[in-house]
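> Any chance you can model this:
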Amino acid sequence: MSAPPWRIVFFGTPSFALPALNSLLEGPDKVVGVVTQPDREKGRGRKVVISPVKERALQHGLNPLQPEQAKGEAFQKALRELQPDLFVVVAYGQILPKPVLKIPKYGAVNVHASLLPKYRGAAPIAWAILKGEKVTGVTTMVMDEGMDTGDILLQAEAPIGAEETCETLHNRLASLGTQLLSETLEKVRGGNIRPIPQDHSKATYAPPLKKEDGRINWKKEAVEIDRQVRAFNPWPGAFTKLDGRLLRIYKGAVRERVLTGKAGIVVWVGSDFIEVETGRDTYLIKEVQLEGRRRMSIREFLSGHPISVGTVLA
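Numbers count the residues shown, from 1 in each chain. Sure thing, here's the model as predicted:
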């Protein structure tokens, strides 16, 4: 005799959470509620933008809960009324307090985009690239009150390619996390899984990214700059200044050679790249976006913005 479907409340906000939500909506269990972050004003026009998870929930006929703080009593009352068996949490954006975690019959399962205890926090994908990791992955865990400190259920590894950006790795890990979540729920339902405590002494952290983190210091090694460009693509974008205007860099490559010893100076202008001296080796800029303009290849950029050898990026 098959077990009855679970009543699941899904917590999530960005696009990373969408594959998992879609999988649950199409699966045998019943998604009885969705929780996401409040609508926010964004951009120069301060337009109100809803989260990708809210958009998907509304398409499915679910009116999501959007508390400013998860500890509010009205929010907790609304959760209890849903009579959930399980919470599934994927990139929600708030730490859930103990009274919330005690509501579902079988607790809360979280999907995190790193191999915990490494890279706890809000931006694990970008930080894994930034730190030069060769392998990352996803973890499912039993949620507790801490920041990604709960017992591990399952993990799956994923290699980080030499040209991997945060965007491409994000998409791969979202898919991998959805597969791992399905496997986790199946094993939890069958009682075939044993949570394993994390080794907290090995924990590392991935704090939220800020726009200023994208500023390039040309005195760093070219390999570090390359990781920064890839880690911050698409947001916040690695950037420098060209003739006083902000220039975002989205793609490039490392060339192992030493020329002038002056970090930030343009040492060669090719048809498809601009070569810049760094603290060690040079960096070939291949795709950019000048302030107020669209993103484009260097070939397109140079046709309207010629640059000469000796130009200094700051």
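> Strands of this structure, start to end?
Along the chain, counting by DSSP state E, strands occupy 7-12, 30-35, 40-42, 47-49, 86-90, 108-112, 135-142, 152-159, 238-242, 245-255, 266-269, 274-277, 282-290, 295-297.
> lowest-confidence stretch among the ones you listed?
When the strands of the chain are ranked by mean pLDDT, strand 40-42 comes last with a mean of 84.
> where does this protein have low pLDDT?
In the predicted model, the chain carries pLDDT under 70 at residues 1-2.
> show me where it has helices.
Secondary structure of the chain (DSSP state H): helices at 18-26, 52-59, 73-81, 98-101, 124-130, 166-190, 222-231, 298-304.
> Can you show me the CA trace of the fifth one as PDB?
What follows is helix 124-130 as a C-alpha-only set of coordinates in PDB (Å, rounded to 0.1, in the frame of the first residue of the first chain):
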ATOM      1  CA  PRO A 124      28.100  29.800  -2.400                       C
ATOM      2  CA  ILE A 125      28.300  29.500  -6.200                       C
ATOM      3  CA  ALA A 126      30.200  32.800  -6.700                       C
ATOM      4  CA  TRP A 127      32.600  32.200  -3.800                       C
ATOM      5  CA  ALA A 128      33.500  28.700  -5.000                       C
ATOM      6  CA  ILE A 129      34.600  30.100  -8.300                       C
ATOM      7  CA  LEU A 130      36.300  33.100  -6.700                       C
END
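> If you count contacts, what does it end up packed against?
On a contact count with 3 or more C-beta pairs under 8 Å, 6 or more residues apart in numbering; DSSP states H and E, helix 124-130 meets strand 135-142, helix 166-190, helix 222-231. In short, each C-beta sits where N, CA and C put it, glycine included.
> quick one: that helix to chain centroid distance?
In this view, helix 124-130 has its centroid 8 Å away from the chain centroid, taken as C-alpha atoms, centre = their mean, to the nearest Å.
> again with stretch 260-272
32 Å.
> try stretch 58-72
The mean C-alpha position of stretch 58-72 is separated from the chain mean by 21 Å, C-alpha atoms, centre = their mean.
> What of stretch 136-144?
The answer for stretch 136-144 is 14 Å, by C-alpha atoms, centre = their mean.
> about what we covered before: and of the strands of the chain, who's closest to residue 72?
Of all those, it is strand 30-35 that lies closest to residue 72, at 11.8 Å by C-beta to C-beta.
> Just the buried positions in that closest one, please.
For strand 30-35, a neighbour-count test (16 or more other C-beta atoms under 10 Å) marks 31, 32, 33, 34, 35 as buried.
> would you turn the strands of the chain into a markdown table with distance to residue 59?
Formatted as a markdown table, these follow (distance: least, C-beta to C-beta, whole Å):
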| stretch | distance to residue 59 |
| --- | --- |
| strand 7-12 | 14 |
| strand 30-35 | 11 |
| strand 40-42 | 20 |
| strand 47-49 | 16 |
| strand 86-90 | 18 |
| strand 108-112 | 21 |
| strand 135-142 | 25 |
| strand 152-159 | 29 |
| strand 238-242 | 35 |
| strand 245-255 | 31 |
| strand 266-269 | 48 |
| strand 274-277 | 44 |
| strand 282-290 | 32 |
| strand 295-297 | 29 |
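> closest one to residue 61 among those?
Closest approach to residue 61 among the strands of the chain is made by strand 30-35 (10.4 Å; C-beta to C-beta).
> what does the closest one rub up against?
With contact meaning C-beta atoms under 8 Å, 6 or more residues apart in numbering, strand 30-35 is reached by 5-12, 21, 24-25, 53-54, 57, 60, 62, 64-67, 70, 79, 82-84, 92.
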